[in-house]
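Engineer: the following block contains a protein sequence and its predicted model.
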Amino acid sequence: MKKTDISRLDTLPGKRIKPGETFKFQCHEKLSCYNLCCRNLNLFLYPYDILRLKKQLKISSDQFLDTYVDVVLRKDNYLPDVLLKMADNQEKTCPFLDADGCRVYPDRPDTCRTFPIEQGAFFDAAKNKTRLVHFFRPPDFCLGQHQKKTWTTNSWSMDQNAALYNQMTVRWAEVKRLFESDPWGKEGPYGSKGKMVFMAAYNIDGFREFVLHSTFLTRFKIKTALIKKIKTSDTELLKLGFEWIKLMIWGKQSRIIQFF
Ligand code: SF4
Ligand code: SF4
């Protein structure tokens, strides 16, 4: 997902695919490029990606973050991003690529799911809404773009079972957008508040421990039914985390969480 300015949409690389427009694509094992796209990537992981991957791998969020990611702070950004660390081999393959293909396929990240479409998020101030925009952007070596099967971005998303991923990406884009200005002051993004935000976004196990076993529930008002849900649902907990970040850092109240 890239941040895009609406006035520049038609100047960005790739072919913009508007709702209802189509593109041609099909990927299968018989193509000579099979799995070439799973190497040497700058693959950004979003919070929901991490939640799904650590579950698929049956490891904790801490173990996932320690083993599989690089954390980078990009220029003009006040919240660090998380990238999947490629394997330390000549081809810099994705750590989840093995002889049979992607070993995390049912829980592969949003970017892999949406490929060869790239998503951008733009905030429509008039409607107070964040929307995804789509660009068809396969690399030259990708032979799937010369196949005949036709898709809209909607039918492609359904085929790839990406609807929930896309929804969570929009929610995350709404949080990220706020960090275009500096909320940290002297302590910077790696100070105590920054660490809490990073935990709520990327370390779901740590955040659950914090919510359920600190003074959190005496300081923030959350409906009893939601407290019950977040004990077992990582997705509901992550949504709460996003709203908590907006409240704690930016003072934005929501129906989900308020100060007592
Ligand atoms: S390069 Fe394109 S066609 Fe080839 S495996 Fe990757 S997505 Fe499929
Ligand atoms: S997660 Fe799977 S689909 Fe994505 S780059 Fe790695 S091996 Fe390829």
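Structural biologist: Looks like it came in fine. Ligands and ions are numbered 1, 2, ... in the order given.

Engineer: count of residues packed around residue 156?
Structural biologist: 23 (other C-beta atoms under 10 Å). For every residue, glycine as well, the C-beta is placed using N, CA and C.

Engineer: against residue 28, how distant is it?
Structural biologist: 15 Å (C-beta to C-beta, to the nearest Å).

Engineer: contact partners for residue 104?
Structural biologist: Residue 104 is in contact with 53, 56-57, 96, counting by C-beta atoms under 8 Å, 6 or more residues apart in numbering.

Engineer: which secondary element of the protein has the worst mean pLDDT?
Structural biologist: Scoring the helices and strands of the chain by mean pLDDT, DSSP states H and E places strand 2-3 at the bottom, with a mean of 58.

Engineer: just checking, next helix/strand downstream of that strand?
Structural biologist: strand 15-17 (DSSP states H and E).

Engineer: which strands or helices does the helix or strand that that following strand is followed by pack on?
Structural biologist: Later in the chain than strand 15-17, the nearest helix or strand by DSSP H and E is strand 23-24. Secondary-structure packing of strand 23-24 (3 or more C-beta pairs under 8 Å, 6 or more residues apart in numbering; DSSP states H and E): strand 150-151.

Engineer: so what touches the helix or strand following the strand it packs on?
Structural biologist: Downstream of strand 150-151, the first helix or strand assigned by DSSP H and E is helix 153-159. Helix 153-159 is contacted from outside by 17, 19, 21, 23, 25, 114, 117, 134, 151, 162-163, 166, using C-beta under 8 Å, 6+ apart.

Engineer: contacting residues around residue 42?
Structural biologist: residue 83.

Engineer: does it sit in a helix, a strand or a coil?
Structural biologist: coil (DSSP: H, G, I helix; E, B strand; the rest coil).

Engineer: tell me the pLDDT of it.
Structural biologist: For residue 42, the model assigns a pLDDT of 95.

Engineer: do the same with residue 170
Structural biologist: Model confidence at residue 170 (pLDDT) stands at 93.

Engineer: ditto for residue 6
Structural biologist: Residue 6 carries a pLDDT value of 63.

Engineer: tell me, what residue is most central in this structure?
Structural biologist: In the chain, the centroid-proximal residue (C-alpha atoms, centre = their mean) is residue 46; its distance is 2.3 Å.

Engineer: give me the nearest residue to it, chain neighbours excluded.
Structural biologist: The shortest distance from residue 46 to any non-neighbouring residue, by C-beta to C-beta, 6 or more residues apart in numbering, is to residue 172 (5.2 Å).

Engineer: contacting residues for that neighbour?
Structural biologist: 46-48, 201, 242.

Engineer: what are the buried residues along the helix or strand where it lies?
Structural biologist: Using DSSP H and E, residue 172 maps to helix 163-178. Within helix 163-178, the residues that count as buried by 16 or more other C-beta atoms under 10 Å are 165-166, 168-176.

Engineer: what about the residue nearest to residue 190 when sequence neighbours are not counted, neighbour count?
Structural biologist: Spatial nearest neighbour of residue 190, chain neighbours left out: residue 80 (7.8 Å); criterion: C-beta to C-beta, 6+ apart. Residue 80 has 19 neighbouring residues, counting by other C-beta under 10 Å.

Engineer: pretty sure residue 80 sits against residue 71.
Structural biologist: Yes. Look at residue 80 against residue 71 with C-beta atoms under 8 Å: they come within range, at 4.9 Å.

Engineer: so who does the residue of the stretch 151-260 of the chain found nearest ligand 1 touch?
Structural biologist: Closest approach between the stretch 151-260 of the chain and ligand 1, counting by C-beta to the nearest ligand atom: residue 160, at 11.4 Å. Applying C-beta under 8 Å, 6+ apart, we find residue 160 in contact with 113-114.

Engineer: how is the chain partitioned into domains?
Structural biologist: If you go by automatic domain parsing, the domain ranges for the chain are 2-169, 185-253.
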